[in-house]
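Chemist: model the structure of this input:
(2 chains)
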Amino acid sequence: MNKKKTLSILQYALLVLLALSTLLPVLWVVLSSFKPQSELFRVPLTFIPKDWTIQNYQSSLRAGNFPVYFSNTVFVAVVSTALTVLINLMAGYALAKYIFKGRDVIFTIMIATLMIPLQVIMIPIFLQLKNLGMLNSLWGIIIPPAATPTGVFLARQYLVTLPNSLIEAARIDGAREHTIFFRLIVPMSKPIVATIAIFSFMWRWNDYLWPLIVITDNRKQTIQQALANFVGQLQINWSDLLAMTTIAIIPVIVVFLAFQRFFFSGIAAGSVKG
Amino acid sequence: MKAHTKGNFHQTAAPLLFLLPNILIFATFIIIPAIQGLRMSFTEWGVFTEPRFIGLANFSELLGDEVFWKTFSNTLVYSLFTVSLIMVYALMLAMLLHKNSLKGEKLFRSLFYIPSLLSMITVGIAWRFILGDEMGIINYLLRTMGGDGVRWLTDSKLAMVSIITVSIWAQAGYYMVILIAGLQAIPTELYEAATIDGSSAPRTFVSITLPLLRSTLLVVLVLATIASFKAYELIAVMTKGGPGYATKFIVQQVYQVAFLEDRLGYASAMSIVLMIIISLFTVVQFKVSGKEKSYE
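Modeler: Down below sits the predicted model:
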């Protein structure tokens, strides 16, 4: 009993120490973004800002195209997520609830595309987008990665568990196939829709490589692209950069806090097949 | 079940129509480009020039390309250290946080997961701010304690160490979640039996936990390895591959040769090497998760 207690005190001490080293870097960035420029690098450094200010936020929102980048990113993340959920749920439904020739082959090929991430086909993708006239268009970021093997996999796994009798009953009542999907299947798929939507939104919000390949026009860039360009400058305006970084972080933290329970179950389910 | 009735047009066409958007996208943006990439690797090709078939010339040039092999070995070193340390650290966190008995366990899990929420770009910016030579807080603290500042990102050996450390910081929480799920799937009766038999904690860990966690560990190994070979953003923001070529990885080199030097064919040959590596690990992952299924 006694031994157990010391062990758990040690465990707590270790966990607190590791949690601090996990969180302090993030806090340092966020807190520093509220310091006036004169305080940011003033020795001695202060952890909590002495003079709280939102002037970095005001100046980064006024400066250049940041509001444009922000709305581009919101557009891409929201539209992509809606599209990803819809088409992956449709594909998952077809693979889970219909019997047809070539079904298993199609499923296998879709899952096998996990072997070909964007990083290994950047060049032909770039040429393909160029041929299709999708370069420098937000749709060029939205459409190509909208079909995801993991999304199809998760949707199929979930839909397989729904009883066929419901679908059969709807058919006997004369419901058409698309009516069954939109009126019956979609409402019953809320948990998996939420999981796919959350991960899609997070990924799209944070993604850098797709925008990097598709977009060169300054006004079409996303936040991550803008941040990377900002940090690439010779003289970095850290005050503005930290404010922009914090703005880029806030949405993902909010989504996490609001939908926490979907995160961990989603990761566990998705990791089985990537 | 009779989901498919013969002669009913709607039911025959419906699944194909449901699959159509996905099939179109997969074909247009993965399968055709992948084949195209393979073909390109046998050509000399610039964005504005016509492709010219040159056989295996790109690959034989690749064999003697010192910069490519430098980025290749950098990627291997990065992958080896990042993946093995992530596994040890994430497993340690998972061991501490999987029992649902410790008070505040859920809170700790969420805290450790937070870095995994952030984009690699923002992670890179945060750490570049923290590790700055002159004005970073770490060097500031070292100096106030009487030490010297350290060139975390501008010294050729330390830069790699910094990148690896930041990668572990950024990703361990994600793999912790997978490992917790794996640990919670181990039947508690096994642990109870071990306790009754008087098995020590380390003994139980080695003879029960590790063997039963084997497939989860393998999944983590594969996912983390694939992620490490795809690494791009963190380096782009923190070191730009420098100093010199010290932290330049394969993906960076492919991007530079393709889009800055306009040698699309040669860069495609490099991509093929990367694709082979990633495919091998993906196949291992399929094998593992296939086995997993048979336990269910």
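Chemist: low-confidence ranges, the stretch 151-296 of chain B, go.
Modeler: Within the stretch 151-296 of chain B, the ranges that satisfy pLDDT under 70 run B:289-296.
Chemist: count of residues packed around the single nearest residue of it relative to chain A?
Modeler: Among the residues of the stretch 151-296 of chain B, B:Ala181 lies closest to chain A, at 3.7 Å counting by CB to the nearest CB. To be clear about C-beta, it is placed using only N, CA and C from the backbone, and glycine gets the same treatment. With neighbours defined by other CB atoms under 10 Å in any protein chain shown, the count for B:Ala181 comes to 19.
Chemist: that one belongs to a helix, doesn't it?
Modeler: Yes - when DSSP: H, G, I helix; E, B strand; the rest coil is applied, B:Ala181 is found to be in a helix.
Chemist: dump the residue contacts of it.
Modeler: The contact partners of B:Ala181, taken as CB atoms under 8 Å, 6 or more residues apart in numbering or on different chains, are A:Phe264, A:Ile267, A:Ala268, A:Ser271, B:Thr216.
Chemist: I'd like those as CSV, with distance to A:Leu27 and neighbour count appended.
Modeler: Formatted as CSV, the contacts of B:Ala181 follow (distance: CB to CB, whole Å; neighbours: other CB atoms under 10 Å in any protein chain shown):
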residue, distance to A:Leu27, neighbour count
A:Phe264, 23, 18
A:Ile267, 24, 21
A:Ala268, 28, 18
A:Ser271, 29, 23
B:Thr216, 32, 25
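Chemist: what does the stretch 51-200 of chain B put close to chain A?
Modeler: Counting by CB under 8 Å from any CB of the partner chain, the stretch 51-200 of chain B comes close to chain A at B:93, B:96-97, B:102, B:108-115, B:117-122, B:124-130, B:135, B:137, B:140, B:144, B:169, B:173-174, B:177-178, B:180-181.
Chemist: so is the most centrally placed residue in chain B in a helix, a strand, or just coil?
Modeler: In chain B, the residue lying closest to the centroid (CA atoms, centre = their mean) is B:Ala227, at 1.1 Å. Following three-state DSSP, we place B:Ala227 in the helix state.
Chemist: host element of the closest residue to it other than its chain neighbours?
Modeler: Of all residues not flanking B:Ala227 in the chain, B:Gln171 sits nearest, at 7.0 Å (CB to CB, 6 or more residues apart in numbering or on different chains). Mapping B:Gln171 onto the secondary structure by DSSP states H and E places it in helix B:156-184.
Chemist: could you point out the helix or strand that follows that helix?
Modeler: Once the chain leaves helix B:156-184, the following helix or strand, as judged by DSSP H and E, is helix B:188-196.
Chemist: for that next one, list the C-alpha coordinates in CSV.
Modeler: Once side chains and other backbone atoms are set aside, the C-alpha atoms of helix B:188-196 remain, and they are given as CSV (Å, rounded to 0.1, in the frame of the first residue of the first chain):
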residue,chain,number,x,y,z
THR,B,188,-7.4,-7.3,-17.4
GLU,B,189,-7.7,-10.9,-16.3
LEU,B,190,-4.2,-11.5,-17.6
TYR,B,191,-2.8,-8.8,-15.3
GLU,B,192,-4.8,-10.1,-12.4
ALA,B,193,-3.5,-13.6,-12.9
ALA,B,194,0.0,-12.2,-13.1
THR,B,195,-0.4,-10.4,-9.8
ILE,B,196,-1.8,-13.5,-8.1
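Chemist: name the residues that touch that helix?
Modeler: When contacts are defined by CB under 8 Å, 6+ apart, helix B:188-196 is touched by residues B:Arg203, B:Thr204, B:Ser207, B:Ile208, B:Leu212.
Chemist: give the contact list for B:Ser116.
Modeler: Shown here is B:Ser116, whose contacts under the criterion CB under 8 Å, 6+ apart are B:Ala170, B:Gln171, B:Gly173, B:Tyr174.
Chemist: show me what the lowest-mean-pLDDT helix or strand in chain A packs onto, helices and strands only.
Modeler: Using mean pLDDT, DSSP states H and E, helix A:37-40 stands out as the lowest-scoring helix or strand of chain A, at a mean of 84. In terms of contacts (3 or more CB pairs under 8 Å, 6 or more residues apart in numbering or on different chains; DSSP states H and E), helix A:37-40 is packed against helix A:238-271.
Chemist: measure how far the helix it packs on is from the centre of its chain, please.
Modeler: Between the centre of helix A:238-271 and the centre of its chain there are 8 Å (CA atoms, centre = their mean, to the nearest Å).
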